[in-house]
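Trainee: just need the structure, nothing else, for what follows:
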Amino acid sequence: MKLVKIPNNNLPEEGCGAVMFIGDKTVGLFKVHGDLLALGNICPHRGGSLGEGEVTGEIVACPWHGWEFNCRTGVAVENQEISVKTYKILSQSDGKYLEWNDE
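Mentor: Down below sits the predicted model:
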């Protein structure tokens, strides 16, 4: 596991998502009720970018086909057996970091 600094230009506004690239992989970042949250960015349905989806409350909808996931847990709204990975975010004096273990 390593810590990856989240660039300030990747930090989403409240109620929005953003996409962060780490090498050839992506993570969806979401600002929900003041908390910065991170999910695996690729929707398991057809591969849409969750970071580009619409955020309503704690739920992000995939922009391709509308599959919805809880931004805190990564669990799908309609089928709780389906989920995307969640990542821990750490706040340090020089910014926000993501715990990355997907090498």
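Trainee: hey, let's count contacts and neighbours off CA atoms from now on
Mentor: OK.
Trainee: what stretches of this structure score poorly on pLDDT?
Mentor: For the chain, applying pLDDT under 70 flags the ranges 103.
Trainee: where exactly do the helices run in it?
Mentor: For the chain, applying DSSP state H gives no helices.
Trainee: what's the span of stretch 59-71 from first residue to last?
Mentor: 6 Å (Cα to Cα, to the nearest Å).
Trainee: from the chain's centroid, how far away is that stretch?
Mentor: 11 Å (Cα atoms, centre = their mean, to the nearest Å).
Trainee: which residues are in contact with it?
Mentor: By Cα atoms under 8 Å, 6 or more residues apart in numbering, the surrounding residues in contact with stretch 59-71 are 30, 32, 37-39, 43, 45-46, 48-50, 52-55, 58, 75-78, 83-84.
Trainee: buried ones among those residues?
Mentor: Taking 16 or more other Cα atoms under 10 Å as the criterion, what is buried in the contacts of stretch 59-71 is 30, 32, 37-39, 43, 48-50, 52-55, 58, 75-77, 83-84.
Trainee: strands along the protein, start to end?
Mentor: Applying DSSP state E to the chain gives strands spanning 2-5, 17-22, 25-32, 35-40, 54-56, 59-61, 68-70, 86-87, 89-92, 95-100.
Trainee: include distance to Leu11 when you put those strands into a markdown table, please.
Mentor: Formatted as a markdown table, these follow (distance: least, Cα to Cα, whole Å):
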| stretch | distance to Leu11 |
| --- | --- |
| strand 2-5 | 11 |
| strand 17-22 | 7 |
| strand 25-32 | 7 |
| strand 35-40 | 8 |
| strand 54-56 | 15 |
| strand 59-61 | 16 |
| strand 68-70 | 19 |
| strand 86-87 | 15 |
| strand 89-92 | 12 |
| strand 95-100 | 9 |
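Trainee: since that was my last question, I'll sign off now.
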